[in-house]
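coords below, sequence missing:
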């Protein structure tokens, strides 16, 4: 307790970024709950296939998300 | 808000049917909640491996589901 | 199979609207998958407390969502 | 009702063990709820990629879990 | 790992039955995975409001489920 | 995309701490994915009743978790 689940589209995050998600979200949670709960703080990353995520009825691919990320750089 | 998640067995729905799931479930939801919420209405499709779904303790494969669909036609 | 879960903020939808969510999402799903699967099409509505939903780091209450709905009318 | 979802790391359980998970968890549930609900007792197994599970901020692979299982034998 | 989540309708299971769900599902899981994983085997019980569960488009209340249980006795 | 869901026991976190969870987890996620995705980064906090969380088959209450937090201070 707690269990943090990150739902994302496959192909958006690299293996290295997923390691960072695990580390940084755990650290952020532990800052609030205290170090005593670190060992029982779990993070899972659950990925759906590219295209299997809709926003307002429009299917979103990993490519669409990457384009959003690059447009902003 | 809301986030609609569809849990299904991999191999039952084609890519085209999954696009329809995203569109039609969003439209059905928006009919109830109003157009103002369309942009924050998300649909995800989360698939488990064929066989990793049990009903009454019996494992169900994509083939079993397709047989149910065809038997009814 | 399938199991459709609708994640929402408590207080946004009335009991009557939640009945409509169950009916209309089931109907939309059955249109795609076929009537043979109606009996194994489940819809659940999982509500979180008002304020326990963040978009871009901003907590969203049931009141905020209702204001969005009314502004658009 | 109920729907039991088992979240696990891909590669830890064999296909045969996943069949056992479906059978044994259903049987355990039915012992409590009664046989009348067996037909509406669902079990799904949702697997995340090896490494996409963090405990205390440390990524856990299928290999790590298997090592824990073997160390104890 | 694993995390077993039981999705149910509020009011169907008593506090005592929910304790049994935690114990018996954990025991069933440990039988398959081995005692080494007991400490990292989690069970959560997530309840939705009575009526917020649809089967085939029909809303199901805690009372409906209890009636199914009693009819079978 | 992404949707971060925090599963916790009711009564462990105050309303103020839950606001911090939304802010800090969003910030941690945005540090990895980039600011372009902030607006589509959602955090929900899903709470189960005290006692409805088992670790190794032992039910855990909000009081148990608070005792762990205080023992470590």
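Perfect, thanks for sending it. These numbers were taken from a predicted model, which means no experiment stands behind them. Residues are numbered from 1 along each chain as shown, chains lettered A, B, ... in the order given.

residues in chain A within reach of chain E, list them.
With Cβ under 8 Å from any Cβ of the partner chain as the criterion, chain A meets chain E at residues A:3, A:42, A:44. Glycine gets a C-beta too; all of them are placed from N, C-alpha and C.

Assumed the last one was part of a helix.
No - remark: residue A:44 does not belong to a helix; assigned using DSSP: H, G, I helix; E, B strand; the rest coil, it is strand.

Would you list the phi and psi of residue A:13?
phi -110, psi 140 (degrees, to the nearest 10).

go on, residue A:52?
Taking degrees, to the nearest 10 as the convention, residue A:52 sits at phi -90, psi 30.

looking at it, it is touching residue B:42, isn't it?
No - assessed by Cβ atoms under 8 Å, residue A:52 is found out of contact with residue B:42, at 11.3 Å.

Mind listing what's buried along the longest helix seen in chain A?
Longest helix of chain A, by residue count under DSSP state H: helix A:15-33. Within helix A:15-33, the residues scored as buried using 16 or more other Cβ atoms under 10 Å in any protein chain shown are A:18-26, A:28-30, A:32-33.

Can you tell me which of the residues of chain A next to chain E comes closest to chain B?
Among the residues of chain A next to chain E, residue A:44 lies closest to chain B (Cβ to the nearest Cβ), at 12.5 Å.

Please tell me how far the closest one sits from residue F:67.
Using Cβ to Cβ, to the nearest Å, residue A:44 is found at 26 Å from residue F:67.

Also residue A:30?
18 Å.

count of neighbours near residue A:71?
8 (other Cβ atoms under 10 Å in any protein chain shown).

Likewise for residue A:7?
Residues near residue A:7, counting by other Cβ under 10 Å: 21.

How about the contacts made by the closest residue to it other than its chain neighbours?
Nearest residue to residue A:7, sequence neighbours excluded (Cβ to Cβ, 6 or more residues apart in numbering or on different chains): residue F:3, at 4.3 Å. Contacts for residue F:3 (Cβ atoms under 8 Å, 6 or more residues apart in numbering or on different chains) come out as A:6, A:7, B:3, B:42, B:44, F:42, F:43, F:44.

hmm, which two among the residues you listed are most spread apart?
In terms of Cβ to Cβ, the contacts of residue F:3 reach their longest pairwise distance at B:44 and F:43, which sit 15.5 Å apart.

So for the two, which sits in the more crowded spot?
Neighbour tally, residue B:44 and residue F:43, criterion other Cβ under 10 Å: the higher count belongs to residue F:43, 28 against 23.

Who does the more buried one form a beta bridge with?
residue C:54, residue F:4 (DSSP bridges).

Need the pLDDT of it.
Looking at residue F:43, its pLDDT is 98.

if I read this right, residue A:55 contacts residue B:44, doesn't it?
No - judged on Cβ under 8 Å, residue A:55 makes no contact with residue B:44 at a distance of 10.1 Å.

Name the residues of chain A found near chain D, please.
So far as Cβ under 8 Å from any Cβ goes, chain A lies against chain D at A:15, A:18-19, A:22-23, A:26-27, A:30, A:38-47.

if we go to 6 Å?
Selection of chain A residues close to chain D by Cβ under 6 Å from any Cβ of the partner chain yields A:18, A:19, A:22, A:23, A:26, A:38, A:39, A:42, A:43, A:44, A:45, A:46.

check contacts around residue A:7.
A:46, F:2, F:3 (Cβ atoms under 6 Å, 6 or more residues apart in numbering or on different chains).

switch the cut-off to 10 Å
When contacts are counted by Cβ atoms under 10 Å, 6 or more residues apart in numbering or on different chains, residue A:7 touches A:44-48, A:53, B:3, B:5, B:42, B:44, B:46, F:1-5, F:42.

so which helix or strand takes in it?
Here residue A:7, judged by DSSP states H and E, is contained in strand A:3-9.

any idea how far that strand is from the chain center?
5 Å (Cα atoms, centre = their mean, to the nearest Å).

can you check stretch A:53-60 too?
Worked out by Cα atoms, centre = their mean, stretch A:53-60 lies 18 Å from the chain centre.

Endpoint to endpoint, that stretch covers what distance?
5 Å (Cα to Cα, to the nearest Å).

Next, the buried residues of that stretch.
A:53, A:54, A:55, A:56, A:57, A:59, A:60.

In this structure the first one contacts residue A:60, no?
Yes - in this structure, residue A:53 is within contact of residue A:60 by Cβ atoms under 10 Å, at 4.7 Å.

what do these two both touch?
A:9, A:12, B:22, B:42, B:44, F:1, F:40.

thinking the first one is in contact with residue B:42, fair?
No - when contacts are counted by Cβ under 10 Å, residue A:9 is not listed as touching residue B:42 (11.6 Å).

residues shared between the contacts of the two?
The contact lists of residue A:9 and residue B:42 share A:53, A:60, F:1, where a contact means Cβ under 10 Å, 6+ apart.
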